[in-house]
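In: Here is the input, now give the coordinates:
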Amino acid sequence: MPRTTPLLLAACAALLLPLSACGGDDPAEATSTPSVAASASPIAVATPAVPAGFPDAPVAVTSTAVDGVTLEVYRALRSGDSVTLAFAARNTGAEQANLGQRLGSDPLHTDASGVSLFDPVGLKRYLVLLDSAGGCLCSSNAVWVEPGEHRFLTATFSAPPADVDSVTVETPIGSLPAIPLTEA
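Out: Numbering: from 1, shown residues only. Down below sits the predicted model:
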């Protein structure tokens, strides 16, 4: 046997030995929790059905640029340094409505990142807040709305100053003025 063969076999064994530990049934691995920071994609925010404590009726309704779809604002709830907007897209038409990217901040987003709050007195616009991965703190599944369906959505913003008691809700498909800010 040539002298290099044992060295080559030893080198291969040294390379393969660490791989033999992969794929085992180590209980510590099975119960470990994945790190949030390891995720490269934005965190999706599930759209709630009708959340507990959700008002029975909207405070404002407007028609939109999408045929048969109205926007309904249920509340803008101030809690500390943030405001959470609870709103819905309602399909009053007879056909399925495609909101697609119409509520997003650009054509690649199928979320509510294009919604903003506008303070008409202070002349300041408040954009949807982002999480640590760059995803919006907003609903992300507002694509199709069936006839008669309400698609409940949320979006979270930095809170305007305490003396601001109402804002205009602006979306790419319609605006709703004078929405009261309620305290949590």
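In: buried stuff in the helix or strand encompassing Leu181?
Out: Element membership of Leu181 [criterion: DSSP states H and E] is strand 174-183. Buried positions in strand 174-183, judged by neighbour count with 16 or more other C-beta atoms under 10 Å: 174-176, 179, 181. Every residue, glycine included, has its C-beta placed from N, CA and C.
In: and what of stretch 104-121?
Out: So stretch 104-121, judged by 16+ other C-beta under 10 Å, has buried residues 104-105, 109-119.
In: Point me to the residue sitting closest to the centre of this structure.
Out: Centroid-nearest residue in the chain, with C-alpha atoms, centre = their mean: Cys138, separated by 3.2 Å.
In: hmm, back to that, in the buried residues of strand 174-183, which has the lowest confidence score?
Out: Ranked by pLDDT, these bottom out at Gly174, which has 93.
In: who's that one bridged to?
Out: Thr171 (DSSP bridges).
In: That one contacts Ala65, correct?
Out: Yes - judged on C-beta atoms under 8 Å, Gly174 makes contact with Ala65 at a distance of 6.5 Å.
In: what ranges do the helices span in this structure?
Out: Along the chain, counting by DSSP state H, helices occupy 4-16, 27-31.
In: For those helices, which has the smallest mean pLDDT value?
Out: The bottom spot among these, by mean pLDDT, belongs to helix 27-31, with a mean of 42.
In: Could you list the low-pLDDT ranges of this protein?
Out: The chain contains residues with pLDDT under 70 at 1-54, 142.
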